[in-house]
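Trainee: this one's structure only:
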């Protein structure tokens, strides 16, 4: 699996509940652990963040994907 494929898979996993309307936010999702990086977590966040330039890059990518999902649903 290429780095790009891995990034897409990671983003897909975290956006899937939003896409299908199961959640309006990530309160109960592991995604929240990435948004509160300063808090302790059982997730090995550093390992997964290594696949992105930094947390800002990850946030940019997730927002772009989320916008694409929302826009596609409106078509």
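Mentor: On my side now, so go ahead. Predicted model only: the values in this text are computed from it and were never measured.

Trainee: rest of the way, CA atoms for contacts and neighbours
Mentor: Noted.

Trainee: ok, which stretches of this structure are helices?
Mentor: Secondary structure of the chain by DSSP state H: the helices cover 3-19, 31-35, 45-49, 55-74.

Trainee: isn't residue 3 right next to residue 51, touching?
Mentor: Yes. Assessed by CA atoms under 8 Å, residue 3 is found in contact with residue 51 at 6.7 Å.

Trainee: with neighbour numbers in mind, choose between those two.
Mentor: Neighbours were counted for residue 3 and for residue 51 using other CA atoms under 10 Å; residue 51 has more, 14 against 10.

Trainee: got a list of what that one touches?
Mentor: Neighbour list for residue 51: 3, 6, 7 [criterion: CA atoms under 8 Å, 6 or more residues apart in numbering].

Trainee: I'd like to know which of those residues is nearest to residue 65.
Mentor: Comparing the contacts of residue 51 against residue 65 with CA to CA places residue 7 closest, at 11.3 Å.

Trainee: where's the closest one relative to residue 23, distance?
Mentor: Residue 7 sits at a distance of 21 Å from residue 23 (criterion: CA to CA, to the nearest Å).

Trainee: what of residue 40?
Mentor: Taking CA to CA, one finds residue 40 at 24 Å from residue 23.

Trainee: between those two, which one's more packed in?
Mentor: Relative neighbour count places residue 23 above the other of residue 40 and residue 23, with 14 against 8, counting by other CA under 10 Å.
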